[in-house]
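1. Build me a model:
(chains A, B and C)
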Amino acid sequence: MSNTYTAPIVILRQDHGLKRWIWPSIFLIIGLLAPLVLPGDKWIRVAALALIYVALASGLNILVGITGLLDLGFIAFFIVGAYTTAIFCTRTFGINLAENPAALGWVLPLSIVAAIVLAGIAGSIIGYPTLRARGDYLAIMTLAFGEIVRIVSINWTDFTGGAVGIRNIPALTFTGEIVPPLTTYYIVFLVVVILVVALASLIASPVGRAWVAIREDELVASSMGIRTRRYKLLAYVVGASTAGVIGVFFAHMNQFVNPDSFTLEDNFIVLSLVILGGAGTLWGPITGAVLWIFFQAIAKDIPLIQAHPEFRTGFLALIVVVLMILRPGGIISKRLELTRARGGKEAPEGALIANERDTPVVAGEPVLKAENVKQVFGGLVALEAVTFELRHGEVLGLMGPNGAGKSTLLNAISGVTRATSGTIELHGEQTQNLESSAVSMRGIARTFQTVRLFWDMTVLENLLVGGHSRLAGFAPKFLSPFPFVRAPERATVEEAEEVLAFMDVWDSRDKRASSLDAYQQRRVEIARALMTRPNVLLLDEPAAGLNESETRDLARLMKRIRERGIDVILIEHDMDLLMGVSDRIIVLDHGVIIADGTPAEIRVNPEVLEAYLGSDAK
Amino acid sequence: MRVLEVEGLNVRYGVVRAVTDVDMHVDEGELVVVVGANGAGKSSLLRSVAGLNKSRGRIAFLEKEISSRRAEQRVRAGLSLVPEGRHIFGRMSVFENLQIAHWGASTDFSEEIATVFSLFPRLQERRQQTAATLSGGEQQMLALSRALIRRPKLLMLDEPSMGLAPKVVAQMFEVIEEINRSGTSVLLIEQNARMALSIADRGYLMETGKISGGGEAAAMLEDERLHEAYFGKSADT
Amino acid sequence: MQEIINGLAVGGIYGLLAVAFSVVYGVLGMVNFAFGEIFMFGAVGALVAGQTNILIADASIDGPALPAWAAIMFGLIVGSLIGWLIERIAYRPLRNAPILSMLITAIAVSMLLRAVATFLFGAAQLPVPRPELGEALNIFGARVQRIDVIVLAVAVAVTLAFWAVIRFTPIGRAIRATAENKDAARLMGIGVDRVISTTFVLGSALAAVAGLLYSQRYGFAAATMGFLPGLKALVAAVLGGIGSIPGAFVGGLVLGVSEELAASYVPQGSAYRDVIAFGILVIILWLRPQGLLGRREVQKV
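-> Numbers count the residues shown, from 1 in each chain, chains lettered A, B, ... in the order given. Next up, the predicted model:
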């Protein structure tokens, strides 16, 4: 590598050992000591309310910050939780509680479970259309759904007590005595700590990485084998359940619920807090929530704001507007860690683990077959009956003038678009109707014409997303943040390091993807594709934007990939590279294959010459 | 007179250098073609001259520096681009497309449209048709007409042959030649090098973001380097 | 019958506002939540301009006491001006930002405008003087308030006029061109930023007219009056397939009528009136994520 890099090299130091615990400890200590320092019960109540908002903001952050889905009716889930416990404690099990306050010991857990279930159901109702609807429609829909829940809570008098609400919800005690705010605070604090730890663990697991991948680039996430719909729905369910649980505790803390406790503006306020603190970070929404609640409590005593309570929301709104222009990242910009596992200190050898094939293939045997693949967009025919096969042990070059349909063909093979007609067979299995995540899981990986990395992740995290489908099965994935199931994660990290070493980019392991230079980006993208353990690798113009020496180096790497038994389809405009690397080349023009042969044959094929250079005879 | 003069032009997309230190020019009445394989940076060059891309370097149009001007101001000054992929307004009629193209021009619309229709009678037949329903060749005619209706001083065309059948391409090139003969300077970008060079006065060869050769169009047609730029150096096969 | 006519009048107001949402969405691909507040500023602006004495931020000030037509113009100008300003100040810097940022900014702008209005005019409903229009009309046996007829007529006329502007005038074509392809519009010599500004001003004027009609129909104006109609107009716009003018207006009418019918015929309907509108939206997006009349967007790779 002879060229000089101009891109800034930002090394995001992974906080090792004790350092990792600095931030959590600071927040924990503040949370534990705050009520002891604060003057009087009034402020302890404020602090407890702050905790409620911390949980709400953290829950909404899963949707807005982590997964990139907007929810403008988030408070609805909170309402569901609060009313669930209110009705349980005053109606359903009211008698039990009246007889024996200790019954709260089982009513409360029951309420929590019910709140999780109900809020989760509400979350999936809201989340379901995300599978298909556009983001902005969805935002409106969440707003509408939030309003429905609120209006129902006001008007369904028999059930919710209407505007009066429900009173006499037991405090958080088993004895029936009056509970000092300090006790309530610590109980809520414990709950919030548990919630935040659970969310943080989820974020630093394959689930969290899948969410962030969806936020960063849904199409690529899907081509890495992530079932994006499922994960988006899961984000809604997790966010909703968090709000539901904290709603339960809010009801017990206040000992009453009524519709005034939740205004519509609260939806926007919580959203603003997430943005203000830093969406997509762990500590940002927490900081935002604490700052806001205390600001609000202090402001209450200022006469001007007493006369004009709208100043508070107005002020918050103004900050958000200014922030979006000047500092869209929010106050806290410490990047989230998406894995807890750590890489090794030295570069490994660079071994590639190949996908286990069900049936071994011999060199020369067809691996991938496309037959009469046709692709029509609107009235435009992009591909017209394309038939070819990729044989084991070869790099198949795919060339053709601009607009010939090369990328379209790659998209059809990788499941990004569905071919209008025709069949695509991988090892005898038809894949033309599969989603790209399913195609990926069957062993076809790809890169994109313009590099599409998850720019906000580190290189290692990018690769772990590639290994997503191997941390298989939902249960282990869910539990993988916990130490006793960390093994698969660690194994995947080791594999990622091998792949990085294989592609000669191991030293960039902990850098943010956006800080890499063009050739590093390319290699990381290929490495990420290799992490899915493909049998077939589709490369779309990997040399675009590279200089000569980089292109030569890339050719070396591609030969190395082929040697490891991975078959490659290569689209490339750099003919030195294409001709030098390909064993065979097919030429596409106007959606039709016009030539198929060795590089030497292609170079002198008159039809190819004409397609590229045009005919002399004018 | 130099209609267009580009000096030290650089275009970057993030960390990718699309165009590096390009110098080139178009003289009055000339038909200049930039040839080169896909991804050589031809489109980026053209889009920068049109003002659609950010770029560094000097761009002078009619001997005035224009690099700080916005795209629409460049168009109004007489610099028209027919973009790659045509970008006609598919939801509007042919006639509306042409009306829009005349936005803010001081010439007489009915006169100009008559000129355009005489050049492309097909468009006149289809004036009320929604543009998206036109065939590829007709869409290209429409895209070209939209540029011509302003009577540009310099007409820039980005791969007018793309996706078109060979016969239509030949027609297209005849029209371009015709336009040039009637006095409009033309800067043409083509992958279809032989045909483009056969109608051009002068050409540039572009490879990986740089101008790697150029000269009289006729001489370039004979040059071995042209073949190499497209199909690589034949040494290793 | 009565319900249908009431519904059409309300629906006309929603429809007008929905058209505003729709046209701005078409050009910028964003939902400008602040139209609800521009709607409010139109109504409150006209109200204030017509008073002899006004209370602004708790201070009593002599009002300009403009005649009705001038007060209405004032309301329109205030609404349009605010629309122009927010596009310039808040949205333009985000032209290339992700859609999520634009939506959040739009929500914050709407909150901010509501807070400003509450500060200036208080949180209470302000009575709006209404001209004496005379007896209710009898149409096919239904008692129809004259104001409803006027509201519907104005809404239809303004929408038609706006549609004609978009369809037949040069600026209308420029707006459509910008909506379809910004780069191509630039290559036609169109100043895209200016066209976007113009679209905001026109859309805001529509929203302000809708606000005026609303305050006339219900006899009040208030700082928070824009929120719910804004939300419903959005529902209407989605119903009609956001981006289409006739679709948005018809969506408004359909929504208005179904709300009125539900309020009368569904038990407890009036309490759940708003649930109807939002329920319709939720169901539609469940069944047809691209909206009732919307076209499916082609995925770009």
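2. Point out the residues in the stretch 351-500 of chain A that sit beside chain B.
-> Proximity of the stretch 351-500 of chain A to chain B, by CB under 8 Å from any CB of the partner chain, involves residues A:378-380, A:401-403, A:450. (C-beta placed from N, C-alpha, C; glycine too.)
3. Let's see the ChimeraX selection covering just the buried ones among these.
-> A single ChimeraX command is used to select the members of these judged buried by 16 or more other CB atoms under 10 Å in any protein chain shown:
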select /A:401,402,403
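4. quick one: low-confidence ranges for the chain?
-> If you meant another chain, say so; for now it's chain A. A:1-18, A:130-135, A:354-359, A:379, A:472-486, A:615-618 (pLDDT under 70).
5. I was thinking of chain C, sorry if that wasn't clear
-> Using pLDDT under 70, chain C drops low at C:289-301.
6. Just the closest residue of it to chain A, please.
-> Closest residue of chain C to chain A, CB to the nearest CB: C:A115 (2.8 Å).
7. and that residue, how many neighbours?
-> 24 (other CB atoms under 10 Å in any protein chain shown).
8. about what we covered before: kindly present the residues of the stretch 351-500 of chain A next to chain B as a markdown table, with separate columns for secondary structure.
-> Output for these, formatted as a markdown table (DSSP: H, G, I helix; E, B strand; the rest coil):
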| residue | secondary structure |
| --- | --- |
| A:G378 | coil |
| A:G379 | coil |
| A:L380 | strand |
| A:P401 | coil |
| A:N402 | coil |
| A:G403 | coil |
| A:T450 | coil |
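9. ok, back up a step: contacting residues for the closest residue to the residue of chain C closest to chain A other than its chain neighbours?
-> Nearest residue to C:A115, sequence neighbours excluded (CB to CB, 6 or more residues apart in numbering or on different chains): A:G314, at 2.8 Å. Residues in contact with A:G314, defined by CB atoms under 8 Å, 6 or more residues apart in numbering or on different chains, are C:111-112, C:114-116, C:118-119.
10. Does the residue nearest to A:A102 when sequence neighbours are not counted belong to a helix, a strand or coil?
-> Leaving aside its chain neighbours, A:A102 sits nearest to A:F174 (4.3 Å; criterion: CB to CB, 6+ apart). Here A:F174 is coil, with the state taken from three-state DSSP.
11. A:F174: neighbouring residues, count only.
-> Neighbourhood size, A:F174 [other CB under 10 Å]: 13.
12. What residues does it make contact with?
-> Contacts of A:F174 (CB under 8 Å, 6+ apart): A:101-102, A:104-105.
13. Could you do A:L577 as well?
-> By CB under 8 Å, 6+ apart, the contact set of A:L577 is A:543, A:551, A:554-555, B:232.
14. make it 7 Å
-> A:543, A:551, A:554-555 (CB atoms under 7 Å, 6 or more residues apart in numbering or on different chains).
15. Check which element follows the helix or strand where it lies along the chain.
-> Using DSSP states H and E, A:L577 maps to helix A:575-581. As assigned by DSSP H and E, the chain's next helix or strand after helix A:575-581 is strand A:584-589.
16. quick one: strands adjacent to that following strand?
-> strand A:395-399 (parallel), strand A:592-597 (antiparallel) (DSSP bridges).
17. between the next helix or strand after the first one and strand A:592-597, how big is the angle?
-> Going back to what we said before, that points to strand A:395-399. Scanning forward in sequence from strand A:395-399 by DSSP H and E, the next helix or strand is helix A:406-414. Orientation note: helix A:406-414 sits at an angle of 90 degrees relative to strand A:592-597 (axes from the mean of the first three to the mean of the last three CA atoms, to 10 degrees).
18. the strands in chain B, which residues?
-> B:2-13, B:16-27, B:31-35, B:56-61, B:64-65, B:79-82, B:154-158, B:185-190, B:202-207, B:210-216 (DSSP state E).
19. for those strands, which one sits closest to chain C?
-> Across the strands of chain B, chain C has its closest neighbour in strand B:79-82 (5.5 Å, CB to the nearest CB).
20. Could you find the closest non-adjacent residue to A:G277?
-> Distances taken as CB to CB, 6+ apart place A:G288 nearest to A:G277, at 2.7 Å, with adjacent residues excluded.
21. Which of the helices or strands spans that neighbour?
-> helix A:283-299.
22. in that helix, what counts as buried?
-> A:283-290, A:292-294, A:296-297.
23. The residue nearest to A:G277: what's it in contact with?
-> By CB under 7 Å, 6+ apart, the contact set of A:G288 is A:57, A:273-274, A:276-277, A:331.
24. Could you check the pLDDT of the residue nearest to B:R151 when sequence neighbours are not counted?
-> Of all residues not flanking B:R151 in the chain, B:T107 sits nearest, at 6.4 Å (CB to CB, 6+ apart). The model reports B:T107 with a pLDDT of 91.
25. Tally up the residues packed near B:T107, please.
-> For B:T107, using other CB under 10 Å, the count is 12.
26. before we move on, what about A:L323?
-> For A:L323, the count of nearby residues is 21 (other CB under 10 Å).
27. if I pick it, what's in contact with it?
-> A:275-276, A:330.
28. Quickly name whichever of the residues you listed is closest to C:L94.
-> A:I275 (13.0 Å; CB to CB).
29. tell me what the host helix or strand of C:S80 is packed against?
-> Per DSSP H and E, C:S80 falls inside helix C:68-86. Applying 3 or more CB pairs under 7 Å, 6 or more residues apart in numbering or on different chains; DSSP states H and E, we find helix C:68-86 packed against helix C:35-50, helix C:192-218.
30. Mind exporting the C-alpha coordinates of the shortest one to CSV?
-> Just to be clear, that refers to helix C:35-50. Written as CSV, here are the backbone C-alpha positions of helix C:35-50 (Å, rounded to 0.1, in the frame of the first residue of the first chain):
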residue,chain,number,x,y,z
PHE,C,35,-49.6,23.2,9.7
GLY,C,36,-51.9,22.6,12.6
GLU,C,37,-50.4,25.7,14.3
ILE,C,38,-50.5,27.7,11.1
PHE,C,39,-54.1,26.9,10.9
MET,C,40,-54.4,28.3,14.5
PHE,C,41,-52.4,31.4,13.7
GLY,C,42,-54.6,32.1,10.7
ALA,C,43,-57.7,32.1,12.9
VAL,C,44,-56.2,33.9,15.9
GLY,C,45,-54.5,36.4,13.6
ALA,C,46,-57.7,37.4,11.9
LEU,C,47,-59.5,37.6,15.3
VAL,C,48,-56.9,39.8,16.8
ALA,C,49,-56.7,42.1,13.8
GLY,C,50,-60.4,42.7,14.0
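31. buried ones in the next helix-or-strand element following that helix?
-> Next helix or strand after helix C:35-50 toward the C-terminus (DSSP H and E): strand C:53-56. Residues C:I54 are the ones in strand C:53-56 that count as buried (16+ other CB under 10 Å).
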